[in-house]
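A.B. asks: Predicted model follows, preceded by the sequence.
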Amino acid sequence: MRNTIVLLAVLVMFAAVVQAAPVSEEFEYTSTVLNNVGVDGNGFAVGSQWSGANVSLADGSLAYPAGVSFTADGKHVSDGGGSANRTLQDGIDCDADGNVFFASALFRVDGSAADPEGAIINFGKFRFGVYDDSHDNYLHVKIGSTKSGVALTHNETYFIVMKFVSKPGDTYDWIGANAYKVGTDTVPSDEPTSWNVTDSYKATGTATTLTLDIGTQPTGDTMNIDGIHTGGTWGSVIPEPATMVLLGIGGIGVLLRRRRK
């Protein structure tokens, strides 16, 4: 009886792991524009599709760097300038004490690099992405003021990971981000102890929307975005799902063998 109870507990835990998979948006739509697409439970939406200025989608996906186990599959955002938004599945409480929120995404600027504009993933109360500064692009975060650092090379793909920590009352919230160059950098499996760029300011209320803001690019240039993921831990936005599944199945197998004995 005890083994049966333990087995049921493991099954429940395993189901919880599967259900707790990170919220993701891989832009796998048949449409060529990011407008009036998306269904409940897919990506960030609950009863809300993408809407906005018909941000374009292109075939193919941006590649992920070493250390990240997401699968590059489907389409990606590729546009010379525009905006689209979608309702968040769960609002982010910016007034709570120690509410931690992670997000990651792929960014790439294709073109001549003459005078590129940035692209921001904006949660309303805070944001991260690529920022145009003196005709060059930099890693960017913002709660209250624009903070940028680490120059990003054009025609290269970067995996950007952001962390936001809320604080109560008048205590400043904190945000940080790191950029990892695809084909060169390996993303660590554990959360880093330092961040490429940070900001600290007070965000109030609840973040309820996700907006893609793409600055107007020079003629012929495009800003590309793919694979937006969110979660409550570093590992949730840089997961190892295959490993987790194998561990879960392995644990159940051990219990079944014990049961037969």
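C.D. replies: Good, I have the coordinates. Residues are numbered from 1 along each chain as shown.

A.B. asks: Mind telling me what element residue 107 is part of?
C.D. replies: For residue 107, the host element (DSSP states H and E) is strand 100-110.

A.B. asks: Give the other helices and strands that that strand contacts.
C.D. replies: For strand 100-110, the elements it packs on are strand 119-122, strand 127-133, strand 157-165, strand 222-231, helix 234-237, judged by 3 or more C-beta pairs under 8 Å, 6 or more residues apart in numbering; DSSP states H and E. (Each C-beta comes from the backbone N, C-alpha and C, glycine too.)

A.B. asks: I'd like the ones you listed laid out as a markdown table, including mean neighbour count.
C.D. replies: Shown next, in a markdown table, are the helices and strands packed on strand 100-110 (neighbours: other C-beta atoms under 10 Å):
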| stretch | mean neighbour count |
| --- | --- |
| strand 119-122 | 22 |
| strand 127-133 | 23 |
| strand 157-165 | 24 |
| strand 222-231 | 24 |
| helix 234-237 | 20 |
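
A.B. asks: which ones are touching residue 174?
C.D. replies: Going by C-beta atoms under 8 Å, 6 or more residues apart in numbering, residue 174 touches 143, 164, 165, 167, 198, 199, 200.

A.B. asks: quick one, helices of the protein?
C.D. replies: For the chain, applying DSSP state H gives helices covering 2-19, 234-237, 241-260.

A.B. asks: Now do the shortest one: everything it contacts.
C.D. replies: Right, the one you point to is helix 234-237. The contact list for helix 234-237, computed with C-beta under 8 Å, 6+ apart, reads 20, 22, 102-104, 161, 163, 189-191, 229-231.

A.B. asks: One more pass at 10 Å, please.
C.D. replies: For helix 234-237, the surrounding residues in contact (C-beta atoms under 10 Å, 6 or more residues apart in numbering) are 20-24, 68, 70, 100-105, 159, 161-163, 187-192, 227-231, 244.

A.B. asks: residues contacting residue 221?
C.D. replies: The contact partners of residue 221, by C-beta under 10 Å, 6+ apart, come to 80-81, 109-117, 154-155.
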